[in-house]
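Student: model the structure of this input:
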Amino acid sequence: MININLICIGKLKEQYLRDACAEYIKRLGTFCKITVTELSPCKLSDNPSSAEIESALRDEGKRILEKTSNEYVIAMCIEGKQMSSEDLSEKINDISVNKSGKIDFIIGGSYGLSDEVKSRADFRLSMSKMTFPHQLARVMLLEQIYRQFMIGGGGKYHK
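Tutor: Reported below is the predicted structural model:
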């Protein structure tokens, strides 16, 4: 059974987002061992300078890298590769069969990920060119991970 760890900066603030994540985590329990690691974001001023943002990204990045398994790391970032659900399913299946039994997905804070985290990643994945609420990213990623298991198993969920 594959191990999947979501390493996220920040906690989900809205109950409906926590409920959605809990539902997908429950569903995923049949297919994988899944954990979510939440790290506190760095505190920034109301109007942070570029230097303040870079410093926060470096600090968050250091803490993220301390939590990675050093097996297979996928960084969620806007400059990453966009994939269809079917392609993501093939990618995760290939990783689990040929590369690693553990995948760390990393979701950064509202300013993204440090260059160190992006450099460490084995793969960079982008959800879309569109902009979504930051906290929605976790729900969307969990849904796509669940969908990949449905695709791989020929389930009716993915049409």
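Student: switch to C-alpha atoms for all contacts and neighbour counts from now on
Tutor: OK.
Student: confidence score at residue 156?
Tutor: For residue 156, the pLDDT comes out at 72.
Student: what about it, which helix or strand?
Tutor: Per DSSP states H and E, residue 156 falls between elements, in no helix or strand.
Student: find the nearest non-adjacent residue to it, please.
Tutor: residue 150 (7.2 Å; CA to CA, 6 or more residues apart in numbering).
Student: can you check residue 34 too?
Tutor: Counting by CA to CA, 6+ apart, residue 34 lies nearest to residue 4, which is 4.7 Å off, once chain neighbours are set aside.
Student: which residues in the protein form strands?
Tutor: Secondary structure of the chain (DSSP state E): strands located at 2-9, 32-39, 72-82, 102-107, 123-126.
Student: would you turn those into TSV with mean neighbour count?
Tutor: As requested, those are arranged in TSV below (neighbours: other CA atoms under 10 Å):
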stretch	mean neighbour count
strand 2-9	20
strand 32-39	16
strand 72-82	19
strand 102-107	24
strand 123-126	17
